[in-house]
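**Student:** Here's a sequence, model it:
(one chain, ligands or ions: 1)
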Amino acid sequence: MKIAVFGTGYVGLVTGVCFAEIGYNVTCFDIEETKIDTLSQGKCPIFEPGLEEMLRRNLANGRLSFTNDGKAACRNADYFFIAVGTPEKEDGSANLEYLEGAIAEIANNLNKDAILVIKSTVPVGTNERVKDKLKANIPRELRVSVVSNPEFLREGSGILDTFHADRIVIGADDQETGRAVARLYEPFDRPILQTDVRSAELIKYAANAFLATKISFINEIANLCEHMGADIGDVAKGIGMDHRIGSQFLNAGIGYGGSCFPKDTKALEKLTESCNYDFKILRSVIEVNSRQKQQLFYKAKELFGSLHGKRVAVLGLAFKPHTDDIREAPAMELIARLLDEQADISVYDPAASGKVSPVFGSSLYYAENADAAIKGADAVFIMTEWPEITEYDLARYRLLMRQPIIFDGRNCYDVAEAEAAGIAYVSVGRKA
Ligand code: UGA
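**Tutor:** Predicted structure coming up:
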């Protein structure tokens, strides 16, 4: 049995490599030649713990290959997994051009009956349109079914999430096709939920929107804590201990970023517009997040008056730890604002500095480590909770900074300990 995976981003690559790992024969296709070259040499172009090792193992045993030749990828494939990006268009809706490109490539090269599985996050109704398009463009004697199989893995823990998925959602309008895809996943031994196609498409958006809602909700409660003299750590713990609420995704901070929540919440909002439904909660979630991303900047402005000429250090650039991804990262927005203020900025991230330099160039100083970023600073902003940053010794701030003031967007330190270390410590949702 042969599987072809289209798209070698986080989802496609992790899926392809994990399928090879459990024993399938997998060919991954991508239109980017340099990416295919890199992957064929056993190098992983994305920062994903454990992935490169697994990739090399399966290249070596011959179960995994990479190509940018559409014909080679499609030849004799039984299953096509589509995992191309669906980035945000200017109006917030999902851009389906890569999906359309992949479908055209498959339609041109299909040489046997096949099942097409769409993993990309796509607006409800897309699978049906893909099916119609394929039918109109492939030889009449070929049968192709389209199945929705949304992905729930997180960047930075993709392999773990694949092998320990809470559920695998398979949306098919015909039971037999759904069962065939379910059988593919059997070796993972995870719960499988079979639904119709439209429900599967919506599950993906609903899951991301719900998680984003949890984050915006707890951020609002954190802001309330500041007004009311309560502590968000205790409040989050106290509500999270109720199993109906659950303790995950209740870390207050500087708002959600990344390539998924911001894009998918906006795409869902766009979808609701198309059916004239006013999804009030979703609109608020998006608005609260955009306000939350600016919170630390305004707290600093309030304290300093002007940040003009101030030496500031930004610790953490990635949208979360264990990734070098800076898409929609709160740090990027903060840096842009600090530059507007003409602050003198040094930055440090264990993995993401190389992604930031093409954006801000020489207007920032890219420090080799946290010490170098902090040295001589008037203020430090903590933007990503990398272990190296959360475990950074409080005493060093006092030693290295001009004035030890920390604006901590991730609540890394205990307030009393920070104050005992002689630091002016401003965090989120806690007593100053
Ligand atoms: C998210 C979902 O968690 C995955 O299930 C989904 O498959 C993926 O989007 C996707 O659609 O592809 P990811 O974007 O990798 O995964 O990152 P998360 O770990 O979910 O974090 C997203 C953002 O929320 C980060 O900026 C993080 O800092 C923030 N966050 C998360 C909080 O501010 N508080 C929390 O309690 C949790």
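**Student:** The residue in the stretch 1-150 of the chain that the ligand sits nearest to in helix, strand or coil?
**Tutor:** Of all residues in the stretch 1-150 of the chain, Thr121 sits closest to the ligand, at 6.0 Å by CB to the nearest ligand atom. No exception for glycine: its C-beta is placed from N, CA and C like everyone else's. The three-state assignment at Thr121 reads coil, by DSSP: H, G, I helix; E, B strand; the rest coil.
**Student:** Would you list the phi and psi of it?
**Tutor:** Backbone geometry at Thr121, expressed as degrees, to the nearest 10, gives phi -80, psi 110.
**Student:** And the residue in the chain sticking out farthest from the centre, how far from Gly101?
**Tutor:** Taking CA atoms, centre = their mean, the residue of the chain most remote from its mean C-alpha position is Glu141, at 40.3 Å. Distance of Glu141 to Gly101, given as CB to CB, to the nearest Å: 25 Å.
**Student:** picking up where we left off before, just the pLDDT for the residue farthest from the centre of the chain.
**Tutor:** Glu141 is assigned a pLDDT of 94 by the prediction.
**Student:** if I look at it, how far off is Gly361?
**Tutor:** According to CB to CB, Glu141 stands 56 Å off from Gly361.
**Student:** same deal with Lys375?
**Tutor:** Separation of Lys375 from Gly361 (CB to CB) stands at 22 Å.
**Student:** ditto for Asp174
**Tutor:** 53 Å.
**Student:** neighbour count winner among these two?
**Tutor:** Asp174 (12 against 8; other CB atoms under 10 Å).
**Student:** Pull the contacting residues for the residue nearest to the more buried one when sequence neighbours are not counted.
**Tutor:** Distances taken as CB to CB, 6 or more residues apart in numbering put Ser145 closest to Asp174, at 6.5 Å, once the chain neighbours are dropped. Ser145 makes contacts with Ile115, Leu116, Lys131, Ala172, Asp174, Thr177, as judged by CB atoms under 8 Å, 6 or more residues apart in numbering.
**Student:** Show me which of those has the smallest pLDDT value.
**Tutor:** Per-residue confidence across these is lowest for Asp174, with 90 (pLDDT).
**Student:** Could you pull out the helices in the stretch 151-300 of the chain for me?
**Tutor:** All helices of the stretch 151-300 of the chain, identified by DSSP state H, counting those that start in this stretch, fall at 158-163, 175-185, 197-228, 232-240, 261-274, 280-292, 295-304.
**Student:** okay, the ones you listed in CSV with distance to the ligand and mean neighbour count next?
**Tutor:** Formatted as CSV, the helices of the stretch 151-300 of the chain follow (distance: least, CB to the nearest ligand atom, whole Å; neighbours: other CB atoms under 10 Å):
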stretch, distance to the ligand, mean neighbour count
helix 158-163, 7, 18
helix 175-185, 16, 16
helix 197-228, 5, 19
helix 232-240, 9, 17
helix 261-274, 5, 20
helix 280-292, 9, 17
helix 295-304, 12, 18
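**Student:** Include distance to Met1 when you put these into CSV, please.
**Tutor:** Formatted as CSV, the helices of the stretch 151-300 of the chain follow (distance: least, CB to CB, whole Å):
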stretch, distance to Met1
helix 158-163, 19
helix 175-185, 8
helix 197-228, 23
helix 232-240, 43
helix 261-274, 32
helix 280-292, 40
helix 295-304, 51
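**Student:** Quick one: closest of those to Val380.
**Tutor:** helix 295-304 (10.3 Å; CB to CB).
**Student:** Could you identify the helix or strand that succeeds the closest one?
**Tutor:** Using DSSP states H and E, the helix or strand that follows helix 295-304 in sequence is strand 311-315.
**Student:** and that next one, what does it pack onto?
**Tutor:** Where contact means 3 or more CB pairs under 8 Å, 6 or more residues apart in numbering; DSSP states H and E, strand 311-315 is packed against helix 330-340, strand 344-348, helix 370-374, strand 379-382.
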